[in-house]
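J.: predicted coordinates and the sequence they were generated for:
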Amino acid sequence: MRFLTGFLAIVFTAFVPFSLAVAAETGQEAVKSLEAARDEATALADAGKPSDAVTAYEKAAKSVVASAGADSDAGQVLTRALASAEKIDDPAARAGRLAIGVQEAIVALTFKPKMEAELPEGFPKPGPVSEVIVKEYPAYRMARTAMSGQNQAFLTLFKHIEGNGIAMSAPVEMGYRRGEKAGAAPEPRTMAFLYGKPTIGAPGKQGDVDVVDVPAITVVSIGVRGSYNDERMADTSKRLDAWLEAHKDQYERAGEPRFLGYNSPFVPPWQQYGEAQVPVKRTAGAGGGAAKGEITAPAGR
């Protein structure tokens, strides 16, 4: 499944929770820490002290993993770099691997989704990368077609909006079906273009396109940085499943998974962004407050 590179080739804060503001501040401090370690390690390596450069990189990387969290985007990048470097005996090569990891982590910490088109009316802003949150979406209208092929589905939808004089919006929604076997990656089933407003057009079938109204929905969501693929979809699905298991006293699955893609291939892979989501509903007897560790992003904010 590489349809996030093929099908988008033609085109494309009012509410900030306190915890997100704290996370932003933590991210800024982490960037400063990694940049300082990079400068120090570079000087040490240039002075012929690669082992000391390794020490500088490792100290900063472990500190950021501890502060940002191992599950954060930067935390995952640094954890992989540390594990990979540990297998390298040559100090200079080891420092080189850590240097790459530190630079990738700086990119992750400074990442902001690039918006190439307007969000549909009332949609919440993109969520944080690699962090599971609960989001609320208002009712919306979309044009949907079967995923018969990445390019074919996109062209079918593009012709539909072009023929009806409807502006392109972002994100594009991909509908999935959960895998038949436990742990299997979800299977892509449909692709949909979302109308900017639910008052545009009218529901009904137009050739291979179904225009449907989607009711307001609550989802558990995780932001994804980088180009999308089957492996990443499988990984994010497992994380969402684990979150739902940990919060089963408050939320339960209420539909099939979906992916919201925000960017075209004209955006470099490391700057692309999307969200993997699962519809949810409150379990019987669950309170109205947020789950522990949960950040809720309301519709329209």
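T.: Alright, I've got the coordinates.
J.: where exactly do the helices run in the protein?
T.: 3-6, 18-46, 50-68, 73-86, 91-109, 150-163, 230-246 (DSSP state H).
J.: ok, which of those comes nearest Gln206?
T.: helix 150-163 (6.4 Å; Cβ to Cβ). Heads up, the C-betas are built off the backbone N, CA and C, glycines and all.
J.: what average pLDDT does that closest one get?
T.: Averaging pLDDT along helix 150-163 gives 90.
J.: tell me the buried residues in it?
T.: For helix 150-163, burial by neighbour count (16 or more other Cβ atoms under 10 Å) applies to Gln150, Gln152, Ala153, Phe154, Thr156, Leu157, Phe158, His160, Ile161.
J.: mind checking which of the helices of the chain is nearest Val132?
T.: Comparison of those against Val132 by Cβ to Cβ identifies helix 230-246 as nearest, at 4.6 Å.
J.: what's that closest one packed up against?
T.: strand 132-137, strand 217-225, strand 251-253, strand 273-282 (3 or more Cβ pairs under 8 Å, 6 or more residues apart in numbering; DSSP states H and E).
J.: what would those look like in JSON lines with mean pLDDT, mean neighbour count and distance to Ala85?
T.: Formatted as JSON lines, the helices and strands packed on helix 230-246 follow (pLDDT from 0 to 100; neighbours: other Cβ atoms under 10 Å; distance: least, Cβ to Cβ, whole Å):
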{"stretch": "strand 132-137", "mean pLDDT": "96", "mean neighbour count": "22", "distance to Ala85": "28"}
{"stretch": "strand 217-225", "mean pLDDT": "96", "mean neighbour count": "22", "distance to Ala85": "22"}
{"stretch": "strand 251-253", "mean pLDDT": "95", "mean neighbour count": "17", "distance to Ala85": "38"}
{"stretch": "strand 273-282", "mean pLDDT": "95", "mean neighbour count": "21", "distance to Ala85": "28"}
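J.: adding distance to Pro91, write these out as CSV.
T.: Listed next are the helices and strands packed on helix 230-246 as CSV, based on distance: least, Cβ to Cβ, whole Å:
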stretch, distance to Pro91
strand 132-137, 38
strand 217-225, 31
strand 251-253, 48
strand 273-282, 36
